[in-house]
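A.B. asks: What follows is a predicted structure for the sequence shown.
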Amino acid sequence: VLNVKTTITINPTQQLINQAIRVANQIQNPFPRALALREIASTMAKAGLNPTPVLNQALRLANQIQYPYDRALVLAGIAFAMVGFGGVVVVGLEGGFVYVSVDGVFPEITIDLSCFGLNKISFKNIKGKIEKKFKVEEVACNIVRVEAFGLEYTSEILPPPPPPVVPPPVAVAAEKTILETSVTHKTILVDYSSLLSNQLNLAKRLSVNWSKSFSFKSSLSGFGGEWCCVKLGCGGWGCVYLAKQNGRWVVFKIPRGYESIIEGEMYPTLDSRLMERIAREAEVIRKLDHPNILRLLAYSNKYPLLVYEYANYGSLEYQLSQGWKPSLKEILLLGIQISDALRYIHSRGLIHCDIKPSNVFFVDRVAKLGDFSALVKLLAMTSSHSRFAYTPGFAAPEQRYIDLRKKVIELGYENRIDIYQLGNLLLYLLTGETVDGEYVYDQRLVEGVVGRVECGELRELIKLMLSENALDRPSADEVVKYLVKIYRSL
C-alpha cells in the first residue's frame, strides 16, 4: 500500500479576479477599461494579492486616454487603489559592502545593483522593514534603480554636497525679477475669472406690473415678515412671485397647484419623507457659491417654497423675446459664464440636466444658471400639474434612450448630458436651431445644422459637444478654456 496524498488549493477570490480581468480586457475604450482594472487592483490589494501587474496595465491604458480630465480621473483612482503601499528604500556603501534597507508595504520590489557588480535583487510581500548586506565586487557607477508598482525610480549615491555658494545680492535680485515676470505673464494667459462678472448688453430689464400686488406674511428664517408680492407667472412645474421688503428684492418659487401658499397663506400637509428629500437637495444647492449660479437663499422644511435672488433682467428666454440679438462675442461670453458654472458643479458631483433659455437668468446683466433638475423633479412630485422629464429640443441622447443613460451612469459620465445641452444652447443662439438627442444619430442632420455656425473654431467645438457618444464630449473645464481662447482671439 502506497502512502500518497495530493493538495488542492481553493482560492475563489483569485479565480473571480482572473475572470474579471479577462472580461475587463474585452472593453475597447481605454477609459472604462482602465477604470475597471483600477477597481480590480483595489480588490486585489484588499485581498492581500499582488495588484502590481493589473496596476501596470491600468497605467499604460491611462496614458492612451485622450482628454486630460479623464486621464487625471483614472490616475487619481489608481493612486487611491495604491494608498497604504510604498515606503522607503535606502542603498549605501559602507566599507567593502553595499547595504540595502526596505521599509514599507510592497507586494514586489526589485533593486538593480549592477553598478556594484551584483545582480538585481527582488523582495516579495514586504510588510515592515528588511535589511540586507552584500560584498561589493566592483564600483562601476553610483546609480541605483528601483522598480515597484510598474514604475522605475532612479537615484545616485553621492558624497555630502559642498556648502552652497551664495550669489551676490544683485544677481539674486535680477533672477527673482525675471521669475516673477514669467509667472505673472503665465497667470494672465490662463486667468479668465474677470470674464465671469462681465456684463452683457441685454435688451431691457424685467418689466414688472405692481398694480396687482398683494401682501404675503412669511415665517421663513431670515425672510420673515410682510412682503409685497406680485405674480410673475407660471412655467412647466412652478409659479414665480417677485417680493420686496425694506429695499430687499427676492423671488419666491412654489410648484403649480400650491399658489395658495403665497396668495392665500394656506399651508398644505405634505408627505414628510418627500419634504425631507426636498430639504436635503435644497441645502446642497443653497451651499453653492459661484458668480454664475443663481443663489438659492432659503427654503421651507414644511412646504415646497424656495427663495431665490432676484434676476432683474429675467431669463435668456425673456431677453430673446424682447428682441435681444447677441453678437458672437456676447454668445461666447455667455457660454464662458455658464460653462464655468458647470465646471464648478461637476467638480462637486452635481449635474444640472436641464440647460435651456428659460433656466439661464441674468442678474445685473451677468448670466447665471438656475433651476437644478434634481430639485425641480422633487418639487414637481408634489404637484399633479407637472411631471418633469426633460426639455424637447435640448435633450441629450442619454435622456431619450434609457440604455444610454444607464451606460453613462455606470461609467461616471452623466455630467456630459450638461455638455450636450450647453452645445445645443450655443447652437440655438447662433442659428436658431437645436439637435435633439433623439436625432443625434442622423449625422447629415447634425452636420447640416452645426454647419451653419460661421466661426470655424466654435463650430468644431459645438460638434464635439453634440457627439452621440458621451465619452467623446469634452469636459466642462475643457469647454470653458476653449471658449476663452476663441473669445480672446476676436
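C.D. replies: Perfect, thanks for sending it.

A.B. asks: Just confirm Arg256 contacts Gly238, I think it does.
C.D. replies: Yes: shown here, Arg256 and Gly238 form a contact pair, counting by C-beta atoms under 8 Å, at 5.9 Å. Just so you know, the C-beta spots here come from the backbone N, C-alpha and C atoms, and that holds for glycine as well.

A.B. asks: And the two? Which one has more around it.
C.D. replies: Between Arg256 and Gly238, counted using other C-beta atoms under 10 Å, Gly238 has the larger neighbour count: 24 against 18.

A.B. asks: Give me the pLDDT for Glu147.
C.D. replies: Per-residue pLDDT puts Glu147 at 84.

A.B. asks: How about the secondary structure of the nearest residue to Ala279 once chain neighbours are set aside?
C.D. replies: In this structure, Ala279 finds its nearest non-sequential neighbour in Asn301, 5.0 Å apart by C-beta to C-beta, 6 or more residues apart in numbering. Following DSSP: H, G, I helix; E, B strand; the rest coil, we place Asn301 in the coil state.

A.B. asks: Could you give the number of residues near Met44?
C.D. replies: By other C-beta under 10 Å, neighbour count at Met44 equals 23.

A.B. asks: how near is it to Leu297?
C.D. replies: Relative to Leu297, Met44 is positioned 49 Å away (C-beta to C-beta, to the nearest Å).

A.B. asks: Please, where are all the helices along the stretch 351-490 of the chain?
C.D. replies: For the stretch 351-490 of the chain, the helices defined by DSSP state H, counting those that start in this stretch cover 373-380, 397-400, 402-411, 416-431, 443-450, 456-465, 476-489.

A.B. asks: what bits of the stretch 351-490 of the chain have low per-residue confidence?
C.D. replies: 374-390 (pLDDT under 70).

A.B. asks: I figured Met44 hits Val54, correct?
C.D. replies: Yes: here Met44 reaches Val54: they are 6.4 Å apart, a contact under C-beta under 8 Å.

A.B. asks: Ile462 and Ser475, how far apart?
C.D. replies: The gap separating Ile462 from Ser475 is 15 Å, by C-beta to C-beta.

A.B. asks: One more: Ser215?
C.D. replies: From Ser215 to Ser475 the distance is 48 Å (C-beta to C-beta).

A.B. asks: do the same with Gly456
C.D. replies: Counting by C-beta to C-beta, the gap from Gly456 to Ser475 is 22 Å.

A.B. asks: Kindly report the same for Asp70.
C.D. replies: Asp70 sits 8 Å away from Ser475, taking C-beta to C-beta as the criterion.

A.B. asks: can you check Pro268 too?
C.D. replies: Looking at Pro268 against Ser475, where the rule is C-beta to C-beta, the gap reads 42 Å.

A.B. asks: Same question for Val453.
C.D. replies: 21 Å.

A.B. asks: Please identify which of those two sits among more neighbours.
C.D. replies: Higher neighbour count among Val453 and Ser475: Ser475, with 23 against 19, using other C-beta under 10 Å.

A.B. asks: surely the more buried one meets Tyr69?
C.D. replies: Yes: contact criterion C-beta under 8 Å: Ser475 and Tyr69 qualify, at 4.1 Å.

A.B. asks: tell me the strands in the stretch 251-400 of the chain, going along the chain?
C.D. replies: Counting by DSSP state E, counting those that start in this stretch, the stretch 251-400 of the chain has strands at residues 296-299, 306-309, 360-363, 366-369.

A.B. asks: Quick one: closest of these to Asn18.
C.D. replies: Asn18 lies closest to strand 366-369 among those, at 46.8 Å (C-beta to C-beta).

A.B. asks: packing partners for that closest one?
C.D. replies: Packed against strand 366-369, as judged by 3 or more C-beta pairs under 8 Å, 6 or more residues apart in numbering; DSSP states H and E, are the following elements: helix 328-346, strand 360-363.

A.B. asks: Looking at these, spot the one closest to Ser489.
C.D. replies: With C-beta to C-beta, the closest approach to Ser489 among the helices and strands packed on strand 366-369 belongs to helix 328-346: 9.9 Å.

A.B. asks: what packs against that closest one?
C.D. replies: Judged by 3+ C-beta pairs under 8 Å, 6+ apart, helix 328-346 is in contact with strand 366-369, helix 416-431, helix 476-489.

A.B. asks: how about 10 Å then?
C.D. replies: The elements that helix 328-346 packs onto, with contact taken as 3 or more C-beta pairs under 10 Å, 6 or more residues apart in numbering; DSSP states H and E, are strand 360-363, strand 366-369, helix 416-431, helix 456-465, helix 476-489.

A.B. asks: Show me which residues of that helix are buried.
C.D. replies: Across helix 328-346, burial judged by 16 or more other C-beta atoms under 10 Å covers 328, 330-346.

A.B. asks: Quick check: mean pLDDT of it?
C.D. replies: Mean predicted lDDT for helix 328-346 stands at 95.

A.B. asks: Kindly report the same for stretch 152-170.
C.D. replies: Across stretch 152-170, pLDDT averages out at 59.

A.B. asks: Quick check: buried residues in stretch 446-454?
C.D. replies: So, applying 16+ other C-beta under 10 Å, buried residues of stretch 446-454: 446, 449-450, 453.

A.B. asks: ugh, typo on my part, it should be stretch 240-260
C.D. replies: 240-245, 250-259.

A.B. asks: Endpoint to endpoint, that stretch covers what distance?
C.D. replies: 13 Å (C-alpha to C-alpha, to the nearest Å).

A.B. asks: so how far is that stretch off the chain centroid?
C.D. replies: Relative to its parent chain, stretch 240-260 has a centroid offset of 32 Å by C-alpha atoms, centre = their mean, to the nearest Å.

A.B. asks: Check the spacing between Tyr344 and Asp477 real quick.
C.D. replies: To Asp477, Tyr344 is 10 Å away according to C-beta to C-beta.
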